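Undergrad: structure for the following, please:
(4 chains)
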2 protein chains.
Amino acid sequence: MANIRTVSKLAGVSVATVSRTFSTPDSVSENTRKKVEKAAEKAGYRPNLMARNFRAKRSFAIMVLVPNIANPFFSRIISGIESEAQSRGYSILLGNTNGQAEREADYANMVHTFQADGVIQLSASDPFSDLPLGKRPALVNICECYDNPLSPQIQLDNSGAAAAIIDHLLELGHRRIGIIKGPADSPLTRDRLEGCAAALKQTGLEMSAAAIAQGDFSTRSGFEAVDTLLSLRKRPTAIFCFNDEMAIGAIRRIRDLGYSVPGDFSVAGFDDIAVSSFSVPTLTTIHQPAATFGRRAVEVLCQMIDAPETVTHSQEILPYKLITRGSTAPPS
Amino acid sequence: MANIRTVSKLAGVSVATVSRTFSTPDSVSENTRKKVEKAAEKAGYRPNLMARNFRAKRSFAIMVLVPNIANPFFSRIISGIESEAQSRGYSILLGNTNGQAEREADYANMVHTFQADGVIQLSASDPFSDLPLGKRPALVNICECYDNPLSPQIQLDNSGAAAAIIDHLLELGHRRIGIIKGPADSPLTRDRLEGCAAALKQTGLEMSAAAIAQGDFSTRSGFEAVDTLLSLRKRPTAIFCFNDEMAIGAIRRIRDLGYSVPGDFSVAGFDDIAVSSFSVPTLTTIHQPAATFGRRAVEVLCQMIDAPETVTHSQEILPYKLITRGSTAPPS
DNA sequence: ACCCTATATGTAACCGTTTACATTCTTGGG
DNA sequence: CCCAAGAATGTAAACGGTTACATATAGGGT
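TA: The predicted structure follows:
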């Protein structure tokens, strides 16, 4: 394989000149540049970026830790990450963690072995929790964040958004609201529950007015949680699912049981994934600016990488939007 | 940052011994190994994999070219790729191409600059078409493949699968079948149309018995194509969409127009994405072994990387499965 | 005691770049 | 015509590993 020395010989110049021709063309005379380019062309020379990056101690790669790529909300975020990274000359390394701490640690460690310059994490856990503040690699945590931020975070106002959903259901006249929440230990779950409680309280209702069933953000868990809610003595008339996929599962189950949405039960989701505007019925939900999450994460991460001292361990909140569609209606 | 020389000094051994301790521990005595490990621990040493890979002229990374990560079918394939790659010690680089040839070329070139050892491509175009056979980098093309394979391909029997759908509709009694196809230049579209024609012919029907509308695999395009089909003088009683997302769009539109599925129109899809078993109605479709596609692609690619001479430019066909669900029924 | 072999370790070159520093070439002002 | 300054180019030392080859050591057989 042609290397920089091959080309330098072929062009009759030094390796330094060849290097400059490619990295800082302006520092080389018109004439030599052409000579070198011709020689490179002839030799089929492509600079070895592994060597270059090795020398520069930079991989120009970003590790993206995601619990599950198949989740449509995550894949939209990744789209945003990818496009911003690409335009900044970074490539993205994908790490599907399935929520396993071990996998997460393995992937996060790639930043220690110089295979990535930084990490974007889409779930709430800190792979570098054992490292002192000064030694922490560049990491940005988005969407689902742990409590005490040692790294920048970009989140939604989950509490506010959940409250907006509850408010919407209350306004429609619902008084018994069921909730299908996410994993109990997730900050997402906690924040959204908090928002629900606040919204209920404002209307003079206690949180206990809400029946809460356990889900895990999978469609199937939404499907199954419906049985729990409908077996209650005081059945809810509306169900707020903590993501759209569970909502879709819930709607499926409600129909299977012979009821209609929103006729017998209103259902609301969270995320506004693509399918939610086409499903039957279309889904009332919270729109999250997924691509923006991704792009912004890359911006902040690049800043951390390039100028770590300028980064405050900031907490950023992106706006949500309540989208009311066909799956919610006044109780019958 | 601690390097191998720091550790060698600390442990009082040569760099070679340190290197061996990490890459071939068996070739080092128990005693030295412990010494070195202690020293490494103390120095906080992590081997620089960029340096190692550079030396080995291998990046242990696989470039995955995908038209659109947000497509749930693709993201399932990527899950499969990721898990197989991870277990083989490869990391995966994600390249979202949006079908743009330029982006695709940029990403594919990363294999020339030693940033990736090979490419898995999920769409039908050959980024290395200008290279002679011996010079072609390791590339595996899956799901959607061009015609004359210069690289191994893993596909579905698209024609057979499409025929299976048509057969199913015919069996139900449908005689006027509408089709919402994919991009005209896609081999996928061509193969599936071929299968449709064959199936129709076998029942003594001409392809012209099928009304064909143009789609582009997006949900919206399915939504819009319905208008074309329903404005025909001889309306179809069943619609076969070339992917599930278009089917979901189509169902939405059909309902918006005041009709029901499958009461007024049967609808079938292709891919069996996750939501299809929960949608309303549940979707009759072709199940593709998405994760297997991904895993198998990695297997073949690794073989190409490790032992290029053993790889025949093979054409592999993975099995499909017709899944009949609620969206198809006899015509009324 | 000697030799042979196997095992463990060390030495130093090498991978393909970049870049600090040295050198040479140009050019314009005095 | 000379010199200083600036521009262009060259030289060689890194970067952090791996590994071919050389060397040292230990143990066993005769």
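Undergrad: the bottom helix or strand of chain A by mean pLDDT?
TA: strand A:210-214 (a mean of 90; mean pLDDT, DSSP states H and E).
Undergrad: now do it: distance to the chain's middle.
TA: Relative to its chain's centre, strand A:210-214 lies at 26 Å (Cα atoms, centre = their mean, to the nearest Å).
Undergrad: pull the contacting residues for residue A:83.
TA: A:291, A:294, A:295, B:96 (Cβ atoms under 8 Å, 6 or more residues apart in numbering or on different chains). In short, each C-beta sits where N, CA and C put it, glycine included.
Undergrad: and it, how far is that from residue A:114?
TA: Separation of residue A:83 from residue A:114 (Cβ to Cβ, to the nearest Å): 25 Å.
Undergrad: again with residue A:126
TA: The value you get for residue A:126 to residue A:114, if Cβ to Cβ is used, is 21 Å.
Undergrad: the two: who's more crowded?
TA: Neighbours were counted for residue A:126 and for residue A:114 using other Cβ atoms under 10 Å in any protein chain shown; residue A:114 has more, 22 against 19.
Undergrad: and the strands in chain A?
TA: In chain A, the strands defined using DSSP state E lie at A:61-66, A:91-96, A:118-121, A:138-142, A:153-156, A:177-181, A:210-214, A:238-241, A:266-268, A:285-287, A:315-318, A:321-323.
Undergrad: within its sheet, name the partner strands of the third one and how each one runs.
TA: Each strand that strand A:118-121 pairs with, and the sense of that pairing, follows from DSSP bridges: strand A:61-66 (parallel), strand A:138-142 (parallel).
Undergrad: now the ones you listed as a markdown table including mean pLDDT?
TA: Output for these, formatted as a markdown table (pLDDT from 0 to 100):
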| stretch | mean pLDDT |
| --- | --- |
| strand A:61-66 | 98 |
| strand A:138-142 | 95 |
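Undergrad: so which of these is nearest residue B:257?
TA: When the strands paired with strand A:118-121 are compared by Cβ to Cβ, strand A:61-66 sits nearest residue B:257, at 38.3 Å.
Undergrad: does DNA strand C sit close to stretch A:5-24?
TA: Yes: using Cβ under 7 Å from any atom of the strand, stretch A:5-24 comes into contact with DNA strand C via A:5, A:15, A:16, A:18, A:19, A:20, A:22, A:23.
Undergrad: out of those residues, which one has the weakest pLDDT?
TA: Note: of the residues of stretch A:5-24 next to DNA strand C, the lowest pLDDT belongs to residue A:23, at 90.
Undergrad: how about TSV for the strands paired with strand A:118-121, with mean neighbour count and distance to residue B:90 added?
TA: Listed next are these as TSV, based on neighbours: other Cβ atoms under 10 Å in any protein chain shown; distance: least, Cβ to Cβ, whole Å:
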stretch	mean neighbour count	distance to residue B:90
strand A:61-66	26	14
strand A:138-142	25	23
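Undergrad: format the ones you listed as a markdown table; extra columns: distance to DNA strand D.
TA: A markdown table is the format used below for these (distance: least, Cβ to the nearest atom of the strand, whole Å):
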| stretch | distance to DNA strand D |
| --- | --- |
| strand A:61-66 | 17 |
| strand A:138-142 | 18 |
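Undergrad: of the ones you listed, which is nearest DNA strand C?
TA: Closest of the strands paired with strand A:118-121 to DNA strand C is strand A:61-66, at 16.7 Å (criterion: Cβ to the nearest atom of the strand).
Undergrad: got the angle between the closest one and strand A:91-96?
TA: Counting by axes from the mean of the first three to the mean of the last three Cα atoms, to 10 degrees, strand A:61-66 lies at 30 degrees to strand A:91-96.
Undergrad: need the contact partners of strand A:61-66.
TA: With Cβ under 8 Å, 6+ apart as the test, strand A:61-66 has contacts from A:74, A:77-78, A:81, A:85, A:90-97, A:104, A:107-108, A:110-111, A:115-123, A:127, A:298, A:301, B:93-94.
Undergrad: those, buried ones only, as a PyMOL selection?
TA: Buried members of the contacts of strand A:61-66, defined by 16 or more other Cβ atoms under 10 Å in any protein chain shown, are picked up in PyMOL with:
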select buried, (chain A and resi 74+77+78+81+85+90+91+92+93+94+95+96+97+104+107+108+110+111+115+116+117+118+119+120+121+122+123+127+298+301) or (chain B and resi 93+94)
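Undergrad: which one of the residues of stretch A:5-24 next to DNA strand C is nearest residue B:202?
TA: For the residues of stretch A:5-24 next to DNA strand C, the nearest to residue B:202 is residue A:22 (60.3 Å; Cβ to Cβ).
Undergrad: who's in contact with that closest one?
TA: Residue A:22 touches A:40, A:47, counting by Cβ under 8 Å, 6+ apart.
Undergrad: how many neighbours does residue A:171 have?
TA: For residue A:171, using other Cβ under 10 Å, the count is 12.
Undergrad: from residue A:322, how far off is it?
TA: Residue A:171 is 11 Å from residue A:322, by Cβ to Cβ.
Undergrad: by neighbour count, which of the residues of stretch A:5-24 next to DNA strand C wins?
TA: When neighbours are taken as other Cβ under 10 Å, the top entry among the residues of stretch A:5-24 next to DNA strand C is residue A:18 (28 neighbours).
Undergrad: quick revisit: out of the contacts of residue A:83, which sit inside helices?
TA: Among these, DSSP state H puts A:291, A:294, A:295 in helices.
Undergrad: top of those by neighbour count?
TA: Result: residue A:294 is most packed of the ones in helices among the contacts of residue A:83 (other Cβ under 10 Å), 28 neighbours.
Undergrad: circling back to that earlier point, of the ones in helices among the contacts of residue A:83, just say which sits nearest to DNA strand C.
TA: residue A:295 (28.0 Å).
Undergrad: show me the contacts for the closest one.
TA: Residue A:295 touches A:80, A:81, A:83, A:84, counting by Cβ under 8 Å, 6+ apart.
Undergrad: burial count for the residue nearest to residue A:21 when sequence neighbours are not counted?
TA: Among residues not flanking residue A:21 along the chain, residue A:36 sits closest, at 4.3 Å (Cβ to Cβ, 6 or more residues apart in numbering or on different chains). Residue A:36 has 25 neighbouring residues, counting by other Cβ under 10 Å.
Undergrad: right, I'll call it a day here.
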